[in-house]
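Q: one predicted model, sequence on top.
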Amino acid sequence: MDTEADLFYRQLPKVELHAHLNGSVSFETMETLIKRKPHLNIEHSMTAIRRGQRRTLDECFQVFKVIHQLVDSEEDILMVAKAVIQEFAADGVKYLELRSTPREVTETGLTKQTYIETVLEAIRQCKQEEVDIDVRFLVAVDRRHGPVVAMETVKLAEDFLLSSDGVVVGLDLSGDPTVGHGKDLFSALEKAKNCGLKLALHLSEVSTQRDESELLLNLPPDRIGHGTFLHPEVGGSESLVEKVCKQNIPIEMCLTSNVKGQTVPSYDKHHFQYWYKRGHPCVLCTDDKGVFCTDLSQEYQLAASTFGLTQEAMWMLSQQAIGYTFAPEPIKQRLEKKWAELKQEILQ
Ligand SMILES: CC(C)=CCNc1ncnc2c1ncn2[C@@H]1O[C@H](COP(=O)(O)O)[C@@H](O)[C@H]1O
Ligand SMILES: [Zn+2]
């Protein structure tokens with residue numbers, strides 16, 4: 001049975017700013033995909049990391065390879081993207097920035113262009129069906145693919161920035177953090193920034209990225225994903241912390257993802273505590289709700305119980321996240337209004 005706290009966190013209006021499309025595919029949707037492609041011999045245990053389970057970072061990235069085999073056509077992407085958006089809406093998310101890496105699949109005729117178009121079509125259909133959520137899209141650059149692909153992706157993202165009626169708002173940098181170096185991607189990211197794309201970069205997700213973070217913080221990014229190893233206690237540095245604080249760059253915090261991926265030893269050791277205490281802009285996110293078997297309500301509830309935060313404090317956290325979105329000012333104002341209307345009813 002749901003407790004009162006469960007209900008509060010589900011009803012709490014929320015903003016999700018760090019969600020990878022293919023990592024967000026739910027158990028139910030995965031079931032459909034597995035049935036559609038029986039010849040792949042994929043089992044559910046290969047696409048999700050359950051309660052109490054932990055994997056190495058490398059094992060986690062293997063999971064995405066499996067999921068990509070299951071999601072490889074326009075039809076799959078449309079279904080998956082619509083389901084993910086509907087699930088976030090059902091969880092009380094009122095504003096979502098979804099991110100995904102455009103892929104090419106020769107066998108199904110999928111191109112990077114049609115990949116993005118299909119995600120945008122899913123967003124359009126959800127809007128038309130009056131799903132109660134505003135969705136924007138970040139085009140993702142997979143660092144493993146190197147500088148040439150990064151530059152091509154930036155060009156593609158720029159085209160969509162101009163033609164998607166405000167839906168494409170930015171660029172993400174993600175992929176296995178142990179592969180490649182950000183210096184090779186700097187000019188692509190700089191170009192993206194100069195053409196008006198907002199930058200949400202995975203930074204210091206592992207401990208070996210100190211120099212890379214020093215460099216990429218000079219861009220600077222508009223938001224940081226994880227930032228697990230920025231502060232000196234875990235091998236980061238004062239200079240990194242100073243750069244982040246001076247530029248007031250919001251950090252996207254994904255508690256369950258970091259614990260299950262073992263970059264953080266336990267919930268109570270999560271760096272959320274460090275940054276939140278300093279009053280730095282923090283936003284709770286899911287990262288990959290399907291892979292890590294979580295949802296945003298659960299992440300809010302976990303943060304509150306782990307760090308002893310009141311419902312009022314959690315309300316503030318969700319409301320402040322509006323300011324960290326890449327949405328234009330009128331949308332932010334609309335969201336503020338929505339939060340104000342719901343406050344009386346939900347926060348008693
Ligand atoms: C392994 C682990 C702990 C995952 C969480 N941390 C992550 N760090 C970096 N890139 C990620 C992470 N989770 C998802 N991604 C990126 O998102 C992709 C899946 O979503 P999509 O195909 O872009 O729609 C992955 O292939 C990867 O490039
Ligand atoms: Zn991520």
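A: Good, I have the coordinates. Ligands and ions are numbered 1, 2, ... in the order given.

Q: relative to ligand 1, which residue of the stretch 51-200 of the chain is the closest?
A: Of all residues in the stretch 51-200 of the chain, the one sitting closest to ligand 1 is C60 (2.8 Å; Cβ to the nearest ligand atom). C-beta: built from backbone N, CA, C; applies to glycine.

Q: run a quick neighbour tally on that residue.
A: Neighbours of C60 under the rule other Cβ atoms under 10 Å: 21.

Q: all strands for this structure, in order.
A: Assigned by DSSP state E, the chain shows strands spanning 14-20, 93-100, 134-142, 168-174, 198-203, 223-226, 251-253, 282-284.

Q: any chance of TSV for those, columns mean pLDDT?
A: As requested, those are exported to TSV (pLDDT from 0 to 100):
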stretch	mean pLDDT
strand 14-20	99
strand 93-100	99
strand 134-142	98
strand 168-174	98
strand 198-203	98
strand 223-226	98
strand 251-253	99
strand 282-284	99
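
Q: okay, these in CSV with mean neighbour count next?
A: Shown next, in CSV, are the strands of the chain (neighbours: other Cβ atoms under 10 Å):
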stretch, mean neighbour count
strand 14-20, 26
strand 93-100, 24
strand 134-142, 25
strand 168-174, 26
strand 198-203, 25
strand 223-226, 27
strand 251-253, 27
strand 282-284, 24
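
Q: okay, those in JSON lines with distance to M79 next?
A: Listed next are these as JSON lines, based on distance: least, Cβ to Cβ, whole Å:
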{"stretch": "strand 14-20", "distance to M79": "17"}
{"stretch": "strand 93-100", "distance to M79": "14"}
{"stretch": "strand 134-142", "distance to M79": "16"}
{"stretch": "strand 168-174", "distance to M79": "21"}
{"stretch": "strand 198-203", "distance to M79": "25"}
{"stretch": "strand 223-226", "distance to M79": "26"}
{"stretch": "strand 251-253", "distance to M79": "26"}
{"stretch": "strand 282-284", "distance to M79": "27"}
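
Q: export these as CSV, with columns for distance to ligand 1.
A: Formatted as CSV, those follow (distance: least, Cβ to the nearest ligand atom, whole Å):
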stretch, distance to ligand 1
strand 14-20, 4
strand 93-100, 3
strand 134-142, 5
strand 168-174, 3
strand 198-203, 5
strand 223-226, 7
strand 251-253, 11
strand 282-284, 15
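
Q: how close does S318 get to ligand 1?
A: 22 Å (Cβ to the nearest ligand atom, to the nearest Å).

Q: okay, that residue: pLDDT?
A: S318 is assigned a predicted lDDT (pLDDT) of 98.

Q: is the closest residue to it other than its chain neighbours bridged to anything, and to what?
A: Leaving aside its sequence neighbours, S318 sits nearest to K14 (Cβ to Cβ, 6 or more residues apart in numbering; 5.1 Å). Beta-bridge partners for K14, by DSSP bridges, are V93.

Q: wait, doesn't K14 sit right on D91?
A: Yes - assessed by Cβ atoms under 8 Å, K14 is found in contact with D91 at 7.4 Å.

Q: list residues touching both of the two?
A: L296, S297 (Cβ atoms under 8 Å, 6 or more residues apart in numbering).

Q: tally of neighbours for the residue lying closest to P147 once chain neighbours are set aside?
A: Closest residue to P147 apart from its sequence neighbours, by Cβ to Cβ, 6+ apart: D184 at 4.7 Å. If you count neighbours by other Cβ under 10 Å, D184 ends up with 14.

Q: so how far is A83 from N22?
A: For N22, the distance to A83 equals 12 Å [Cβ to Cβ, to the nearest Å].

Q: what about stretch 151-163, near ligand 1?
A: No - in terms of Cβ under 6 Å from any ligand atom, no part of stretch 151-163 sits within range of ligand 1; the closest distance is 11.1 Å.

Q: ligand 1 contacts on the chain?
A: Contacts of the chain with ligand 1, taken as Cβ under 6 Å from any ligand atom, map to 20-23, 57, 60-61, 64, 100-101, 140, 142, 174-175, 202, 205, 257, 261, 287-288.

Q: quick one on the thing from earlier: do you know how far the residue nearest to P147 is from T108?
A: 30 Å.

Q: again, but for V154
A: Distance, V154 to T108, by Cβ to Cβ: 25 Å.
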